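J.: using only what follows, build the 3D model:
(2 chains)
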There are 2 protein chains.
Amino acid sequence: MNKLGSKLFLIPNLIGDTSPEMVTPAVLPSIVESLKHFIVEDVRNARRYLRKLSKDVIIDDLEFYTLNKHTTQEEISTYLNAAKNGFNIGLISEAGLPCVADPGNVIVEMAHNIGLQVVPITGPSSIFLALMASGLNGQNFAFNGYLPVDQNQRVKKLKELEQKVYKDKQSQIFMDTPYRNNKMFDDIISYLSPNTYLCVAVNVTCEDEFIMTMKIAKWKNNRPDLHKKPCIFII
Amino acid sequence: MNKLGSKLFLIPNLIGDTSPEMVTPAVLPSIVESLKHFIVEDVRNARRYLRKLSKDVIIDDLEFYTLNKHTTQEEISTYLNAAKNGFNIGLISEAGLPCVADPGNVIVEMAHNIGLQVVPITGPSSIFLALMASGLNGQNFAFNGYLPVDQNQRVKKLKELEQKVYKDKQSQIFMDTPYRNNKMFDDIISYLSPNTYLCVAVNVTCEDEFIMTMKIAKWKNNRPDLHKKPCIFII
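T.: Okay, the predicted model is just below:
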């Protein structure tokens, strides 16, 4: 059913200041060396990352197609043209796995529509690494993305998620923009039950990675500073 | 807050017949070479995998602690004793990521309780690779594990999950034991809307990996044989 014969590789990026050897498979440099076309969230970030992955990649020979919130539907519709001409294409997001907590899935959807084979490559995801390391239920879980900014709505949502933890026995994963993390933490410990377990995972895959799960009651006396640090919360 | 100074490494395993270079980070062999204590789902599988990862691992020098459905709570309570004596410990599941769709999280929970640092290592997960490659919503999703065996209950559950796709805009990931996959596929295409998108991801990370997303109406004329093949379904 993959009519085209060419492939769309989903290429993981780093999620912090670490080296590729720590988080991406050994095969990745040879894959990126074979590609000339890349759909990327941010060109500068992608160039820097490709240089880190392999000294044999000649950046000036590559074609980059930018995919972010400013990209129009019309532009997107041309992004897989190279595949129709027999070239393989790489999709790289700004951090972590493409299409998880980022909008790359429009490209993958288009790839399936035109019969292009989609090949996902293993890589780091703060969401999944945090879930593994949380000790919370990994057999039934949901990722809810960013919670509402408005405090009343956020607290309402947190309470809904807490109900699902108990009613559906489903771990609830969520995040916030880094400069709002301390506010989110305060809302969690103020409005959820002291008996609910909370995992806080900060700077995952980096030197100063911090992942800890405790009951909310215990977090109250051990408040970490999460300001501007990438952080995943799981209850 | 990590009082012990020793670490619990969460070590990814392969999820099919592929080589570690394809799916695990280059740093992994040096990590396993540094460990003498492993908590594993299956000892034979773990020995074989460790040998594949590194020729420098002397298997006979290692201590293995088996964690599966036969392990008693009393045995489990002793499994981190080596960490209390200053040793690092590795946790390996039979396939893929420990603690995701497997019960290793009891060990991680215990690690947090005694103040042992938990270090998750990047690796392959059919669930997440399938999600990336599905083209479906990766910004809000739930993993539901195995659906009920009884057909009436399974169909009821499938319909509930389909409602969540539309009502909550949440992708629904689920699986079944490989010999029931064809039955599951039939139920999906018989009982869900022809307009619902279905991703079928088979033998992920292997030579014959097959990942495809189409509307259910289209799957009706393109029925794949899924019998005894590891398979992830996403709607």
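J.: so what's A:M22 up against?
T.: A:205, B:25-27, B:122 (CB atoms under 8 Å, 6 or more residues apart in numbering or on different chains). Every residue, glycine included, has its C-beta placed from N, CA and C.
J.: go again using 6 Å as the cut-off
T.: Taking CB atoms under 6 Å, 6 or more residues apart in numbering or on different chains, we find A:M22 in contact with B:25, B:27.
J.: now the helix or strand containing it: buried residues?
T.: Element membership for A:M22 (DSSP states H and E) is helix A:20-23. Going by neighbour count (16 or more other CB atoms under 10 Å in any protein chain shown), the buried part of helix A:20-23 is A:20, A:22-23.
J.: give me the next element, helix or strand, following it.
T.: Once helix A:20-23 ends, the next helix or strand along the chain (criterion: DSSP H and E) is helix A:28-33.
J.: what residues of that next one count as buried?
T.: Neighbour counts over helix A:28-33 (16+ other CB under 10 Å) mark A:28-29, A:31-32 as buried.
J.: can you name the two of those that are farthest apart?
T.: Of all pairs drawn from the buried residues of helix A:28-33, the one with the longest distance (CB to CB) is A:P29 and A:I31, at 7.3 Å.
J.: tally of neighbours for A:R180?
T.: 19 (other CB atoms under 10 Å in any protein chain shown).
J.: that one - nearest residue in space that isn't next to it in sequence?
T.: A:V149 (7.5 Å; CB to CB, 6 or more residues apart in numbering or on different chains).
J.: cool, and A:Q139?
T.: Looking at A:Q139 with CB to CB, 6+ apart, the closest residue is B:G145, at 4.9 Å.
J.: low-confidence ranges, chain A, go.
T.: For chain A, residues meeting the criterion pLDDT under 70 lie at A:1-2.
J.: ok, back up a step: part of a strand, is the residue nearest to A:Q139?
T.: Yes: under DSSP: H, G, I helix; E, B strand; the rest coil, B:G145 falls within a strand.
J.: so what's A:I189 up against?
T.: Neighbouring residues of A:I189 by CB under 6 Å, 6+ apart: A:216, A:219-220.
J.: if we can go back for a sec, now flag whichever of the buried residues of helix A:20-23 is closest to B:Q153.
T.: A:V23 (40.1 Å).
J.: how close does the residue nearest to A:R180 get to chain B?
T.: 16 Å (CB to the nearest CB, to the nearest Å).
J.: and the next helix or strand past the longest helix anywhere in chain A?
T.: Using DSSP state H to assign secondary structure, the helix with the most residues in chain A is helix A:151-167. The helix or strand immediately downstream of helix A:151-167 is strand A:171-175, counting by DSSP H and E.
J.: what helices and strands are in contact with that next one?
T.: strand A:141-146, helix A:151-167, strand A:231-234 (3 or more CB pairs under 6 Å, 6 or more residues apart in numbering or on different chains; DSSP states H and E).
J.: and the helix or strand following that strand, what's buried?
T.: Proceeding C-terminally, strand A:171-175 gives way to helix A:181-191 as the next helix or strand, assigned by DSSP H and E. For helix A:181-191, a neighbour-count test (16+ other CB under 10 Å) marks A:181-182, A:184-185, A:187-189 as buried.
J.: nothing else from me, thank you.
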